[in-house]
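**Q** Curious how this folds, go ahead:
(one chain, ligands or ions: 1)
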Amino acid sequence: MVNLDDLEVLQVDREGMLQLLLDLPEHVQTGERLGLTADLPRATDVRAIVISGLGGSAVGGELLRAYLSMECRVPIWVNRHYVLPAFVGPQTLVCVVSYSGNTEETLSAFAEARARGAQLLAITSGGQLAEMAEQAPVPCIRVSGGMPPRTTLGYLFTPMLTVLARLGLIADQNAPIAETIDLLRELAAQYRPGIETFRNLPKELATQLYGKFPVIYGVQDFSDVVAYRWRTQLNENSKVLASHHVFPELRHNEVVGWDRPPRRAQDLWVVLLRDSQELAKIARDIEVTRAFLQERAAGITEVWAQGRSRLARLFSLLYPGDFTSYYLALLRGVDPSPVRAIDLLKERLASS
Ligand code: F6R
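**A** The predicted model follows:
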């Protein structure tokens with residue numbers, strides 16, 4: 001295995017993924033500003049909020065859903081499809097998000113939302129979505145282009161949050177966003193390549209996950225989105241398969257897949273996403289399940305949330321996953337940025 005403390009290893013990162021990861025706090029700050037200065041959608045008598053997007057453009061919507069699940073009085077639904085659910089109509093606020101602006105499922109959802117009279121907001125760096133928003137016309141938040149969509153979470157998520165607050169659908173988000181930016185800056189300093197493995201959590205985790213199948217477990221309506229983000233970052237940056245599931249549901253099905261004689265499955269490594277504010281019932285659930293998995297997995301690592309606000313705690317769980325996937329890519333000798341398989345399939349679809 002290559003040594004992550006030898007900075008030569010960074011040469012594998014030919015397209016500059018590291019800097020984009022380190023810049024997340026700055027992206028959140030810019031995203032907040034974009035949301036504070038954006039034209040607002042109509043937003044009258046909003047009964048539901050839908051965020052429509054795919055892949056790296058959908059994860060901000062999932063984060064919004066999980067973050068606001070205990071606060072927002074109207075349901076938040078993430079749509080990753082060409083079509084919209086039947087409930088979408090004039091009393092639905094639909095945020096259509098495509099970083100490139102050219103994702104065909106998302107463009108189709110935009111057209112459908114317009115046809116149904118939904119209240120619309122577009123977020124994109126350009127492409128056809130920007131054109132369609134201009135023609136409609138509907139408010140469109142423009143973010144800078146040229147980055148892999150999955151690295152633009154701060155740009156795509158934060159404006160939605162700020163816009164919802166400006167519309168009065170949720171409380172003011174100034175304080176949690178400020179805390180999140182500060183905490184992310186501290187974490188960026190702890191996770192950067194110059195910090196040796198023995199005191200660098202993502203480097204240590206990448207070393208543990210090397211050659212293993214990562215299994216990421218979060219908690220419903222909180223770290224469920226984070227578990228999913230870890231998995232997709234491991235897919236796209238490290239180019240490995242991974243799985244994720246959530247408590248309490250996983251104890252009602254997934255655990256049966258682990259129910260083999262207590263013998264270590266040398267290929268499976270579990271990451272448990274923990275939070276000191278998780279419900280007592282969930283904490284007990286995780287402890288009992290953890291003891292069961294202990295004898296069956298190659299290893300288990302707990303990653304604990306930091307910070308006070310729910311937003312900071314969510315980002316503090318998400319951020320080490322981004323870096324872990326980065327360091328695992330370096331260990332595997334693969335450039336974290338290119339996503340050849342996605343590009344290839346998009347091309348084939350466009351020409352079919
Ligand atoms: C992430 C990535 C994909 C895209 C997805 C949708 O880096 O490349 O998950 O986010 O294919 O494309 P956009 O985000 O341009 O709508």
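
**Q** where exactly do the strands run in the stretch 1-150 of the chain?
**A** Counting by DSSP state E, counting those that start in this stretch, the stretch 1-150 of the chain has strands at residues 48-52, 76-79, 92-98, 119-124, 140-142.

**Q** and these as JSON lines, adding mean neighbour count, distance to the ligand and mean pLDDT?
**A** Using the backbone N, CA and C atoms, a C-beta is placed for each residue, glycine as well. JSON lines is the format used below for the strands of the stretch 1-150 of the chain (neighbours: other Cβ atoms under 10 Å; distance: least, Cβ to the nearest ligand atom, whole Å; pLDDT from 0 to 100):
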{"stretch": "strand 48-52", "mean neighbour count": "25", "distance to the ligand": "10", "mean pLDDT": "98"}
{"stretch": "strand 76-79", "mean neighbour count": "22", "distance to the ligand": "13", "mean pLDDT": "98"}
{"stretch": "strand 92-98", "mean neighbour count": "28", "distance to the ligand": "3", "mean pLDDT": "98"}
{"stretch": "strand 119-124", "mean neighbour count": "27", "distance to the ligand": "8", "mean pLDDT": "98"}
{"stretch": "strand 140-142", "mean neighbour count": "21", "distance to the ligand": "14", "mean pLDDT": "98"}
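
**Q** would TSV of the ones you listed with distance to Leu4 be doable?
**A** Formatted as TSV, those follow (distance: least, Cβ to Cβ, whole Å):
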stretch	distance to Leu4
strand 48-52	36
strand 76-79	34
strand 92-98	34
strand 119-124	35
strand 140-142	37
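
**Q** State the distance from Arg348 to Ala341.
**A** To Ala341, Arg348 is 11 Å away according to Cβ to Cβ, to the nearest Å.

**Q** That should have said Asp224, apologies.
**A** In terms of Cβ to Cβ, Asp224 sits 25 Å off from Ala341.

**Q** can you tell me the residue of the stretch 151-300 of the chain closest to the ligand?
**A** Closest contact between the stretch 151-300 of the chain and the ligand, by Cβ to the nearest ligand atom, is at Glu236 (5.7 Å).

**Q** Need the phi and psi values for the residue lying closest to Leu167 once chain neighbours are set aside.
**A** In this structure, Leu167 finds its nearest non-sequential neighbour in Ala43, 4.6 Å apart by Cβ to Cβ, 6 or more residues apart in numbering. Ala43 has phi and psi values of phi 50, psi 60 when expressed as degrees, to the nearest 10.

**Q** and if you look at His244?
**A** According to degrees, to the nearest 10, His244 has phi -140, psi 160.

**Q** From Arg33, how far off is it?
**A** Relative to Arg33, His244 is positioned 32 Å away (criterion: Cβ to Cβ).

**Q** ok, back up a step: pick out whichever of Asp224 and Ala341 has more residues nearby.
**A** Between Asp224 and Ala341, counted using other Cβ atoms under 10 Å, the more crowded position is Asp224 (22 against 11).

**Q** returning to that earlier point: tell me who's in contact with the residue of the stretch 151-300 of the chain closest to the ligand.
**A** Glu236 is in contact with 56, 148, 150, 325, 336, 339, 342, counting by Cβ atoms under 8 Å, 6 or more residues apart in numbering.

**Q** Keep only those of the residues you listed that are also close to the ligand.
**A** Residues of those in contact with the ligand (Cβ under 6 Å from any ligand atom): 56, 148, 150, 339, 342.

**Q** Identify the residue spatially nearest to the fourth one, adjacent ones excluded.
**A** Setting aside the residues directly before and after it, Val339 is nearest to Glu236 in space (Cβ to Cβ, 6+ apart), at 5.3 Å.
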